[in-house]
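> Structure, please.
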Amino acid sequence: MHLEFPPAMFHVPDPGPDDDDLVAVGGALDPGTILHAYCRGLFPMHLPEGLLGWWSPVERAVLPLDGLRITRSMRQSARRYRVTVDADFGGVIHGCADPSRPHGWIKDEVIEAYTRLHRMGWAHSVEVWDDEGTLAGGLYGVAIGGLFVGESMFHRKRDASKVALIHLVVLMNEGGGRLLDVQWQTSHLESLGAVVIGRDEYLRLLPEALSVPGPFRRPAG
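Prediction:
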């Protein structure tokens, strides 16, 4: 599949053979640089001191599309909530960026950059709504071909982010998705079925995932 990206303002390096998750520092969050980075197996995240870092975890985590662990509670919640896609990207990314959440990392600069990518058709959100029409949780990330890179998810009500993940996995399976990247492993993601495949294996799988259309179609024009 031919991918047409905006030009990158900065050179994005390939991950090297060393054992450092951090590959580069600096640059900017322009659309072209971000998209080229994902295609090389990198993603942006600020360092604690505020500098922009470009990361490719040596211990890369993915969620196998046939490996999501769905509990009885999650199944019950999936019936209770209503799920949409790209209906309220702003609500989702601001929910993920809530400063009251522990270990918050989503700055205004990140919100602006990914909102721009959403308007261009590259970033997507899954929203979960309660029976009162209130946003109960969701997730967002970037889709390029059959790759989806999950950036963050949040919940305000029980299991809402997990329901969003269930819906994303269904979309990926039904729409020809190949690779669901969750970046770093956590105990929470591990409980849902995420596994560590490592950087080398991830970079081996990446080109095939990028080569297929995938479930998210960019708007024409």
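> Number of residues surrounding His46?
Look at His46: counted by other Cβ atoms under 10 Å, it has 15 neighbours. Every C-beta, even on glycine, is put in place using the N, C-alpha and C of the backbone.
> my bad, Val85
16.
> Can we start the residue count at 445 from this point?
In the new numbering, first residue 445, that becomes Val529.
> is it in a bridge, and if so with what?
Val529 forms beta bridges with Val570, as assigned by DSSP bridges.
> surely it meets His568?
Yes: using Cβ atoms under 8 Å, Val529 is in contact with His568, at 6.7 Å.
> Distance of Leu507 relative to Leu583?
Counting by Cβ to Cβ, to the nearest Å, the gap between Leu507 and Leu583 amounts to 11 Å.
> overlap in contacts of those two?
Jointly contacting Leu507 and Leu583 under the rule Cβ atoms under 8 Å, 6 or more residues apart in numbering are 594, 609.
> So which of these two has more stuff around it?
Neighbour count, other Cβ under 10 Å: between Leu507 and Leu583, Leu583 has more, with 28 against 24.
> where along the chain do the strands fall?
Counting by DSSP state E, one finds strands in the chain at the ranges 466-469, 487-490, 496-499, 504-506, 526-529, 567-573, 579-588, 591-599, 623-628, 639-640.
> Give me the contact list for the second one.
Under the criterion Cβ under 8 Å, 6+ apart, residues 471, 473, 478, 481, 496-500, 549, 551, 553-554, 593, 595, 627 lie in contact with strand 487-490.
> residues contacting the most centrally placed residue in the chain?
Taking Cα atoms, centre = their mean, the centroid of the chain lies closest to Gly594, which sits 1.6 Å from it. Each residue near Gly594 by Cβ under 8 Å, 6+ apart is listed here: 507, 583-585, 612, 624-627.
> What's the separation between Pro459 and Ser500?
Distance from Pro459 to Ser500, by Cβ to Cβ: 4 Å.
> Now the common contact residues for these two.
467, 484-486, 643.
> What is the burial count for the closest residue to His611 other than its chain neighbours?
Nearest residue to His611 in three dimensions, chain neighbours excluded: Val527, at 4.6 Å (Cβ to Cβ, 6 or more residues apart in numbering). By other Cβ under 10 Å, 19 other residues sit near Val527.
> Distance check, Val527 against His632.
With distances taken as Cβ to Cβ, Val527 is found 20 Å from His632.
> Angles on the backbone of the residue lying farthest from the centre of the chain, please.
Residue farthest from the centre of the chain, counting by Cα atoms, centre = their mean, is Glu576 at 27.2 Å. Per-residue torsions, Glu576: phi -100, psi 0 (degrees, to the nearest 10).
> quick one on the thing from earlier: between the contacts of Gly594, which is closest to Val572?
Nearest to Val572 among the contacts of Gly594: Leu583, at 8.9 Å, using Cβ to Cβ.
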